[in-house]
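In: when you get a sec, could you give me coordinates for this:
(2 chains)
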Amino acid sequence: MSATWSATCFDEVFAADGVPRAYAEPLVAELERLGAESLVAAGALRDAIFMRQGITFDLTSPEGAVADRPFPLDLIPRIIPAAEWRTIKRGLAQRIRALNQFVDDVYHEREIVKAGIVPWKLIASRSHFARAAHGIRPPRGVYTHIAGCDLVRDAHGAWKVLEDNVRTPSGISYMLENRLAMTRLIPSLFAHFRVRPIDQYPALLHAALRSVAPVADGDARIVVWTPGPANSAYFEHTFLARQMGVELVEASDLVVRDDVCYMRTTSGLARVSAIYRRLDDAFIDPLEFRPDSLLGVPGLIRAYRAGTVAIANAIGTGVADDKAIYCYVPAMIRFYLGEEPLLENVTTYLLDDPEQLEVALERIGELVLKPTGESGGKGVVIGPAADERRLVELAETVRRDPTQWIAQEVVQLSTVPTVAADGTLASRHVDLRPFAIFGDEIRIVPGGLTRVALEPGSLIVNSSRGGGSKDTWVLQDSEEPEQEPVAAAAFTPPSLPKLRLRSWTGQAQQQQQQLLPPF
Amino acid sequence: MLSRIAHELFWLGRNVSRAELTARMIDGVFQADLQGRPDDPAGVTLSWDAVLAIMGSTASPPKRRKDAERPSRAETVALLSTDATNANSVVASLERAREGAHTVRDVISAEMWEAINAVHLGLADASIGVTGYGGPYSFVSYVKSRTALFWGVASRTMLRDDAYAFLDAGGRFESADMVLRMLRVALPAPGERPASSPRDGQALALLGAVGGLQAFRRAGAAAPTATAVANFLLYTRTYPDSVAASIDAVRSSLELADANPRASEPVLRLSRVLADLDFRGRVGRNDDGGLLEVCEIVGRELALADGDITERYFGGVMSPTHVS
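Out: Numbers count the residues shown, from 1 in each chain, chains lettered A, B, ... in the order given. Reported below is the predicted structural model:
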């Protein structure tokens, strides 16, 4: 069965003839020099470091036992040459701009509906469509402050968008921790590359949140809102709060008085002007959404509507995140921006359409079926990997409510060499989630989270299902003018007095000291 | 207490502190150096030239240095970490600390002696080198944890008497001195165009190097420019490794140890420096040029205070005729 998809795929390091691609040559050479033994040793160190730092996730064994496992970072980085990154960056910025405009449109004029491009019935039936957001325009008209699109490369190496995540995309902390770990574990791999740094992400996020906060720059208090320590992404929430130097709050810390949001502190209520929330719309305000939500802050939407607090991402962005809406993104780009999409979608069938539904159900064993309102790989069925019974059940479920499903062609994800337990290399499938920040402008940190399927031939990259991740290196652009070497060469450090050693010593020690030649 | 002992303790503190700060600097700069130049001002770099300058030398590393070639990463790291023949290396500082601790074994607690003596044994372990594929990470984290252990057991097991005061004064004095050195190298020279300045990044690397990134972020919302970082590292009393906080700690320790602190040159001098720092921190010209000037003044004063300390507390043994 696996033969159907492991047939031909694009390897990012080795060309078809098994020769390394030009940009990957130094990497392959360095890996050969290191040998399997070093890689095994570095792997052991990695696990020790991750366990010590508590960068772990819970793995549930088939018997139901939950084990704390170190986050599976693969030691071989994934390299993206500068030219390819330029395409990705432009394509993502274009896509996110269109999605942002779409959200604005949905809750205001509905031009795209009037133009007959996206049916209103479809939009209004999406599970994340939020009536409460109608007519609210957040500061600067930014809705999708933080976005992470999942990209894959098809059998020809072309980049395609698999999913848009504009609710609360996660994974950024792993991207940053991966880089840090790589500089500690195998720094020699960096030697032949000029890798663009990514550690400016928290500063960019902070600046973006400040730029949309509805008060003067200096006074904007920003918080990260977590559902609590039990959440599986709690590590990321604490990570972002710590990196930005802002408070991490839970619902009980926030209170709304007279349409202004405050947090309770030891010195009284303190005004909050921007909230980076890490929970879904449905939970944030029991007065507007789910009345049973204990995680929410009553009155928050009123404050939001009054414009006294910015919420990132904005309320109602989930409608653009929906997988049925995904099909319309290329049309959106043409409609709002008047541009041709730079990044294509994966071929997708909208099961809402009776014709497409029949075609899809006929080929159900060859397609991937996804529920539209979910994220994180929940409910996804990969046809070629599913057994007959599962497919029959699935077909019934889909027939019952086809609007909640889409079908996609299986993409032969590209592969990158990955270290096996014994230190040898083997090709494994990868995807890429770059992260964009939308404040004053759209900024995309060079790289992203590369997820890798650790099972041979598997296309499942989710870490909860045995996937791992890789550090992602976007190379410095050699075409862009480099001011830096000039500036660095011009820099001559001032000369300081020598470091003092012991000022007074007995004779014996003086003699000893003379044995140490001054530096 | 004996001048000789006070002197040993003071330098024990200085050597332990110097080893730790050097190790942290190597770590911060090494990580920054692995990645390319940033396209954002928040990126990080501090050149190996600068690191050598901080360590008081512009000399080239001895090995394989071609004309006009800048010191290489591997050479500088090895030179400053494990090269026992270089008096400024981490290993040399730790070795001196161990010798000092050996001399005052009766004064410090047994646990402190163990903590410092074990470093010696631990560094002999081949897996803690800096030349392997793993770079200096394991070396640096080993040194950080051992020095932290030393200060930790010192604070739990040592009587708060003169001996502790001199040990602590030495450790904090060295922090002030090293951080000041880092600032003087990383701060933009007056008149330098900010756009062309590589020093914003340097300042940030420096902040990372002393382990103060998180503290800086929590302390305020300032963007991490060279100027903001320098202000933080100079004036912020609530940050323990800031120059002001370190000098304050040295002064407090000396005040405790001195029989007559009101007549003590080092205490008086440090008090004046602190008052000056407070004044400038609040009302001074805290742009780059102003900061650099402050750093130079404080650097000079620290050197004088170092002399004062030697003179007043350790001089007695060296020249028995001298009465302070």
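In: flag every buried residue along whichever strand or helix holds residue B:272.
Out: Using DSSP states H and E, residue B:272 sits within helix B:265-283. Within helix B:265-283, the residues that count as buried by 16 or more other Cβ atoms under 10 Å in any protein chain shown are B:266, B:267, B:269, B:270, B:271, B:273, B:274, B:277, B:280, B:281. Bear in mind the C-beta positions are built from the backbone N, C-alpha and C, glycine included.
In: CA-only coordinates of whatever helix or strand comes next after it in CSV, if you can.
Out: Scanning forward in sequence from helix B:265-283 by DSSP H and E, the next helix or strand is helix B:288-309. Extracted C-alpha coordinates of helix B:288-309, given in CSV (Å, rounded to 0.1, in the frame of the first residue of the first chain):
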residue,chain,number,x,y,z
ASP,B,288,25.8,56.5,23.2
GLY,B,289,28.5,59.1,23.7
GLY,B,290,27.4,59.9,27.2
LEU,B,291,27.3,56.2,28.1
LEU,B,292,30.8,55.5,26.8
GLU,B,293,32.1,58.4,28.8
VAL,B,294,30.4,57.0,32.0
CYS,B,295,31.9,53.6,31.3
GLU,B,296,35.4,55.1,30.9
ILE,B,297,35.1,57.1,34.1
VAL,B,298,33.7,54.2,36.1
GLY,B,299,36.4,52.0,34.6
ARG,B,300,39.1,54.4,35.8
GLU,B,301,37.5,54.6,39.2
LEU,B,302,37.3,50.9,39.5
ALA,B,303,41.0,50.5,38.8
LEU,B,304,41.7,53.1,41.4
ALA,B,305,39.4,51.3,43.9
ASP,B,306,41.3,48.1,43.1
GLY,B,307,44.5,49.8,44.1
ASP,B,308,42.8,51.2,47.2
ILE,B,309,41.6,47.8,48.3
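In: ok, so of the buried residues of helix B:265-283, who is nearest chain A?
Out: residue B:266 (13.3 Å; Cβ to the nearest Cβ).
In: quick one: residue A:334 and residue A:223, what's the gap?
Out: Distance check for residue A:334 against residue A:223: by Cβ to Cβ, to the nearest Å, it reads 38 Å.
In: the two - which one has more neighbours?
Out: residue A:223 (24 against 14; other Cβ atoms under 10 Å in any protein chain shown).
In: ok but that one is inside a strand, no?
Out: Yes - checked against DSSP: H, G, I helix; E, B strand; the rest coil, residue A:223 lies within a strand.
In: neighbours of residue 108, how many?
Out: Since you didn't name a chain, this refers to chain A. Using other Cβ under 10 Å, residue A:108 has 14 neighbouring residues.
In: my bad, chain B
Out: Neighbours of residue B:108 (other Cβ under 10 Å): 25.
In: I'd say it and residue B:154 touch.
Out: Yes - at 7.3 Å, residue B:108 and residue B:154 qualify as touching, with contact defined as Cβ atoms under 8 Å.
In: so what's in contact with those two at the same time?
Out: residue B:167 (Cβ atoms under 8 Å, 6 or more residues apart in numbering or on different chains).
In: re the thing from before, near chain A, from the buried residues of helix B:265-283?
Out: Taking Cβ under 8 Å from any Cβ of the partner chain as the test, chain A is in contact with none of those.
In: could those residues go into CSV alongside pLDDT?
Out: As requested, the buried residues of helix B:265-283 are exported to CSV (pLDDT from 0 to 100):
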residue, pLDDT
B:266, 94
B:267, 95
B:269, 95
B:270, 96
B:271, 96
B:273, 95
B:274, 95
B:277, 92
B:280, 88
B:281, 86
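In: ok, of those, which one's closest to residue A:458?
Out: Residue A:458 lies nearest to residue B:281 out of these, by Cβ to Cβ, at 58.4 Å.
In: can you give me the distance of the closest residue to the closest one other than its chain neighbours to chain A?
Out: Spatial nearest neighbour of residue B:281, excluding adjacent residues (Cβ to Cβ, 6 or more residues apart in numbering or on different chains): residue B:235 at 3.6 Å. Plainly put, residue B:235 is 18 Å away from chain A if you go by Cβ to the nearest Cβ, to the nearest Å.
In: how about residue B:235, what does it touch?
Out: Applying Cβ under 8 Å, 6+ apart, we find residue B:235 in contact with B:242, B:243, B:244, B:277, B:278, B:280, B:281.
In: cool, residue A:166 as well?
Out: Counting by Cβ under 8 Å, 6+ apart, residue A:166 has contacts A:96, A:99, A:103, A:143, A:144, A:146, A:147, A:313, A:317, A:318, A:320, A:321.
In: repeat the analysis, applying 6 Å as the threshold.
Out: A:99, A:144, A:147, A:317, A:320, A:321 (Cβ atoms under 6 Å, 6 or more residues apart in numbering or on different chains).
In: sweet, I'm off.
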